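>>> just a sequence and a predicted model for now, questions to come.
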Amino acid sequence: MSDSIFIIQSGLAEGRRKSRLPGLLDIMQSASGLVLALFMWGHMFFVASILLPQGETIMWIVTRFFEGYFFFGRSIHWLVSCVAAFVALVFVTHALLAVRKFPAGYRQFRAIRSHTRAMRHEDSTLWIWQVYTGFLLFFLASAHLYQMMIWPQNIGPYASSDRVWSDGLWPFYLAMLLAVELHAGIGLYRLAVKWDLLPASRVFLKRLKWALTAFFLILGLATLGAYMKIGYEHRYQVGERYTPETLPDWLLRLAPAEDFQELRRMRTIPAEEAR
Amino acid sequence: MSQRQITLKILRYNPQEAGSEPRLQSYSLETAEAMTLFIALNEIREHQDPTLQFDFVCRAGICGSCAMMVNGRPRLACRTLVAELPDTVVLAPLPFFELIGDLSVNTGKWMRGMSERLHTWLHTMEESPDICRIEERMEPEDAEAVYEMDRCIECGCCVAACGTARMRQDFVGAVGFGKIARFRLDPRDIRTDADYYELIGDDTGVFGCMSLLACHDVCPKSLPLQNQIAFLRRKMAQVSIRRE
């Protein structure tokens, strides 16, 4: 056992100089939150690819892209597991650092709740919502990340839709969508005012925050609806994977399709013939 | 503005008196033109209830004595026009501070403790400065910046509005950060950021601030607290990165 443990136990760890750790932890909390919020927005755009024309094919392409299909000629699912593991690591770090700010015990909870109710101050009330949604995400995001780590092969136009509809997970995704979008929007606004690094007024930042939250909530609800619809229509073929009949020519040009048997099979009619 | 009848529901409690329990007592009052909450309270004390306790000194938003919770938000009674308030107004003492009785709280005791804790006085090279000597000249923009933060009247509104302080009694509060920002701006003060880190570089200090910004929104002197706290956070974060 190191000698320092006895110094810490004696309550003399600080010595004459304050630890520099709280500053680093504060930066880490902000940085991990920023990474997660930006990841969430990117993630939302990727899953929302299902809403585009020929959405099932586009979503299949997005999925295969992240599986390295267009680089290695086959899907490497553990690449997705690795991304999920990295996000999980950032998520756990953020949760660990953020939970320090949660009300500790009933006395603190009662104090802050009565305070925000009586004050009717928007930023203080938003913080309470950040706590509520953050608490929910401990469970929801953990379960989702675990699922993505363990079963990375179950992502795709049909696989995801079956998960949402036939596996009955749409209430789970609905709750997570609301929690994530509220938490990330409030969190990014909080970051902006906390560090005051953006040349924008607080009023503008607040409006931007609400506009972005509304945009991502609408996009998220529409996306969830699309997966529910596909899942409902696919309910008698659960387990079947989506395979596009054709792929856009530009994609086949991008990938060395000659080397990839599956891609070659799906090659579109060459542009000259189409004309 | 026409006259109207308003009801002031005032939180009555005397911790010195055995058997006293916190309760809201209603007083009805006819408003007058340009009447402030401070005038209304004096009306009640003079004509309805001489036992009502509340503080005031300057009546002009300078001393900070008459800060109280007005419908859940901290405000100065002398700077609050009754005409701006609804027909029913709930008045309560500032939370967080030691309660003397009714609307009267001992902010001075807390402010002194904060001042001693954060060393909010000028630190110069001289051990015992010659107070008869004319002060050294300061650049006008430096003096302006120092004066801007020196406008703080220590009313306690920022601390009463702070959600972090409501949960954690040992939190420095915006008034403390404002003081540190003021001395950091002062070219006569020899302290470095590493020195200030020793005072506010932890979770009871600037890293504990959750940026709820109620302090900034309720400050009766409209001090730029958000910017100052963010500035201190950045500086203290730099100290921790550089391990100064």
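Everything's here; your move. Bear in mind the structure is a predicted one, so any value in this text is a computation, not a measurement.
>>> only C-alpha atoms for contact and neighbour calcs from this point on.
Will do.
>>> so which residue is smack in the middle of chain B?
To find the centre residue of chain B, average its C-alpha atoms and take the closest one (Cα atoms, centre = their mean): that gives B:G156, at 2.2 Å.
>>> excluding chain neighbours, what is closest to that residue?
Using Cα to Cα, 6 or more residues apart in numbering or on different chains and skipping residues adjacent in sequence, the residue nearest B:G156 is B:T107, 6.5 Å away.
>>> buried ones in the longest helix anywhere in chain B?
Across chain B, the longest stretch assigned as helix under DSSP state H is helix B:225-242. With burial defined by 16 or more other Cα atoms under 10 Å in any protein chain shown, the residues of helix B:225-242 counted as buried are B:225-240.
>>> what's that helix packed up against?
Helix B:225-242 is packed against helix A:21-47, helix A:170-195, helix B:174-185, helix B:193-200, helix B:214-218, with contacts defined by 3 or more Cα pairs under 8 Å, 6 or more residues apart in numbering or on different chains; DSSP states H and E.
>>> next one: B:G208 from chain A, what distance?
Using Cα to the nearest Cα, to the nearest Å, one obtains 8 Å as the distance from B:G208 to chain A.
>>> can you check B:T51 too?
Using Cα to the nearest Cα, one obtains 26 Å as the distance from B:T51 to chain A.
>>> which element is that residue on?
Assigned by DSSP states H and E, B:T51 falls within no helix or strand.
>>> can you check the one 10 residues further on too?
Remark: B:G61 resides in no helix or strand, with elements defined by DSSP H and E.
>>> tell me how many other residues surround it.
Taking other Cα atoms under 10 Å in any protein chain shown as the neighbour definition, B:G61 ends up with a count of 20.
>>> what residue ranges in chain B are flagged as low confidence?
Residues of chain B that meet the criterion pLDDT under 70 lie in B:1-2.
>>> apply 90 and report the result again.
Applying pLDDT under 90 to chain B flags the ranges B:1-3, B:33, B:59, B:124-137, B:243-244.
>>> got the domain ranges for it?
Split into domains by automatic domain parsing, chain B comes to B:5-104, B:119-243.
>>> measure the first one end to end?
Okay, so that is domain B:5-104. 25 Å (Cα to Cα, to the nearest Å).
>>> what is the burial count for the closest residue in space to A:R17 that isn't next to it in sequence?
Sequence neighbours aside, B:E198 is the residue nearest to A:R17 in space, at 6.8 Å (criterion: Cα to Cα, 6+ apart). Residues lying near B:E198 (other Cα under 10 Å) number 17.
>>> quick one: B:E198 and A:K18 touch, right?
Yes: contact criterion Cα atoms under 8 Å: B:E198 and A:K18 qualify, at 5.5 Å.
>>> who touches both of these two?
Taking Cα atoms under 8 Å, 6 or more residues apart in numbering or on different chains as the criterion, B:E198 and A:K18 do not both touch any residue.
>>> give me the angle between the one helix or strand A:M149 maps to and helix A:170-195.
In this structure, A:M149 is located in helix A:122-150 according to DSSP H and E. Angular relation of helix A:122-150 and helix A:170-195 on a 0 to 180 degree scale: 130 degrees, by axes from the mean of the first three to the mean of the last three Cα atoms, to 10 degrees.
>>> re the thing from before, of the domains of chain B, which is nearest A:V62?
Each of those was checked against A:V62 via Cα to Cα, and the shortest separation belongs to domain B:119-243, namely 37.9 Å.
>>> my guess is A:T133 contacts A:L182, does it?
Yes: using Cα under 8 Å, A:T133 is in contact with A:L182, at 7.3 Å.
>>> looking at the two, which one has more neighbours?
Neighbours per residue (other Cα under 10 Å) separate A:T133 from A:L182, with A:L182 holding more: 23 against 20.
>>> and the more buried one, how far from chain B?
Using Cα to the nearest Cα, which is the criterion applied here, A:L182 is 16 Å from chain B.
>>> rewinding a little: and the residue nearest to the centre of chain B, what does it touch?
Taking Cα under 8 Å, 6+ apart as the definition of contact, the neighbours of B:G156 are B:G64, B:A67, B:L94, B:T107, B:V175.
>>> so which of the residues you listed comes closest to A:G187?
Using Cα to Cα, B:V175 is the member of the contacts of B:G156 that sits closest to A:G187, with 24.8 Å.
>>> ok, that closest one - contacts?
The contact partners of B:V175, by Cα under 8 Å, 6+ apart, come to B:C152, B:E154, B:G156, B:C158, B:V159.
>>> before we move on, the earlier item: reformat the contacts of B:G156 as JSON lines; add secondary structure.
Formatted as JSON lines, the entries for these read as follows, by DSSP: H, G, I helix; E, B strand; the rest coil:
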{"residue": "B:G64", "secondary structure": "coil"}
{"residue": "B:A67", "secondary structure": "strand"}
{"residue": "B:L94", "secondary structure": "coil"}
{"residue": "B:T107", "secondary structure": "helix"}
{"residue": "B:V175", "secondary structure": "helix"}
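>>> now flag whichever of those is closest to A:I27.
Here the nearest of these to A:I27, counting by Cα to Cα, is B:V175; it sits at 23.3 Å.
>>> now the closest one: how far from chain A?
As for B:V175, its distance to chain A is 17 Å (criterion: Cα to the nearest Cα).
>>> dump the residue contacts of the closest residue to chain B within the stretch 151-275 of chain A.
In the stretch 151-275 of chain A, no residue comes nearer to chain B than A:W195, which is 5.0 Å away by Cα to the nearest Cα. The contact partners of A:W195, by Cα under 8 Å, 6+ apart, come to B:A230, B:F231, B:R233, B:R234.
>>> what does A:Q29 give?
Counting by Cα under 8 Å, 6+ apart, A:Q29 has contacts A:T93, A:H94, A:L97, A:A98.
>>> from the residues you listed, which land in strands?
Secondary structure assignment (DSSP state E) places none of those within strands.
>>> in CSV, list those along with neighbour count, distance to chain B and pLDDT.
Supplementary listing: the contacts of A:Q29 in CSV, determined by neighbours: other Cα atoms under 10 Å in any protein chain shown; distance: Cα to the nearest Cα, whole Å; pLDDT from 0 to 100:
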residue, neighbour count, distance to chain B, pLDDT
A:T93, 16, 17, 98
A:H94, 21, 15, 98
A:L97, 18, 12, 97
A:A98, 19, 10, 96
